[in-house]
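Engineer: pasting the structure only:
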């Protein structure tokens, strides 16, 4: 009987050890892939910066890449666009880790929620624009990104819960492939998605009229965690950054800004 109990205990110990090893392996693989993807973003930023420097020093040697009949792609984004034409812009926020390409796949919504720039599976994903937004014409471009711990990806938006941080970082740089642009933050708020109790900010892409535009801005201001003293008027172009927020089920942290340059 004693030998039987020893065997049972030994089997249980082996199973627990195996489970622990399995869990550790998957944790290691997760963080290893995350680190690899972060390094890939850093490499892309270097490609962009180096292309920008070359364009400034030797503009005659920069290839012209057409985007539409009227517009060509900015020099710093040409190489990355040729690597992946799903790229529609670049977003950066001073004082945070946000310095990423932005993607869009109108025919495959949320593709970049779980894919990297090379279109392989990724827990980090890549920031992306909602599928029904027009990069050229929409009143509001809604950009999603994962909330990754440690202020990574759009987890960096957590800093904007603090008014003191906002006071030092009031703008967002969001370039399309053909235009540099700066946006001024008008509101930071929390809400819940997919609930009658929440604000369906993601439904506002194009204003039917001035009243609809003003209603959206008013709701953003009403929910705001603090008063920025900044608002938007009908005709302004907006971006809305969205990420998960974990104080509520299906919680969302949202930053809304208007184009100023």
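Structural biologist: In hand now; what should we look at? Bear in mind that the values here come from a model prediction, so they are computed numbers and not experimental data. Numbers count the residues shown, from 1 in each chain.
Engineer: Quick check: phi and psi at residue 70.
Structural biologist: Phi and psi for residue 70, reported as degrees, to the nearest 10, are phi -100, psi -20.
Engineer: what about residue 150, how many neighbours?
Structural biologist: By the criterion of other C-beta atoms under 10 Å, residue 150 has 9 neighbours. The way it works is simple: take the backbone N, C-alpha and C, and place the C-beta from them, glycine included.
Engineer: Quick check: it vs residue 87, distance?
Structural biologist: For residue 150, the distance to residue 87 (C-beta to C-beta, to the nearest Å) stands at 25 Å.
Engineer: How about the strand ranked longest in the chain, which residues are buried there?
Structural biologist: Counting residues, the longest strand found in the chain (DSSP state E) is strand 182-192. If you call a residue buried by 16 or more other C-beta atoms under 10 Å, then strand 182-192 has these buried ones: 183, 184, 185, 186, 187, 188, 189, 190, 191, 192.
Engineer: tell me which strands and helices it is in contact with?
Structural biologist: Helices and strands touching strand 182-192, by 3 or more C-beta pairs under 8 Å, 6 or more residues apart in numbering; DSSP states H and E, are strand 171-176, helix 210-223, strand 251-259.
Engineer: so what strands line up beside the first one?
Structural biologist: Spelled out, it's strand 171-176. Each strand paired with strand 171-176, and its direction, by DSSP bridges: strand 87-92 (antiparallel), strand 182-192 (antiparallel).
Engineer: quick check: mean pLDDT across stretch 152-172?
Structural biologist: Averaging pLDDT along stretch 152-172 yields 97.
Engineer: ok now it, how far from the chain's centre?
Structural biologist: Here the centre of stretch 152-172 is set off from its chain's centre by 13 Å, with C-alpha atoms, centre = their mean, to the nearest Å.
Engineer: Run through who's touching that stretch.
Structural biologist: Applying C-beta atoms under 8 Å, 6 or more residues apart in numbering, the contact partners of stretch 152-172 are 34, 38, 91-98, 100, 124-125, 127, 144-149, 151, 182-185, 188, 225-226, 228, 230, 239, 241-243, 253, 255, 257, 260.
Engineer: repeat that with 6 Å
Structural biologist: 93-98, 124, 145-148, 182-185, 188, 226, 243, 253, 255, 257 (C-beta atoms under 6 Å, 6 or more residues apart in numbering).
Engineer: How about stretch 245-253?
Structural biologist: Contacts of stretch 245-253 (C-beta under 6 Å, 6+ apart): 157, 190, 191, 192, 193, 194, 242, 243.
Engineer: surely residue 73 meets residue 65?
Structural biologist: Yes. Using C-beta atoms under 6 Å, residue 73 is in contact with residue 65, at 4.4 Å.
Engineer: With neighbour numbers in mind, choose between these two.
Structural biologist: residue 73 (21 against 15).
Engineer: which residues in the chain form helices?
Structural biologist: Remark: helices assigned in the chain by DSSP state H are 2-57, 78-83, 163-168, 210-223.
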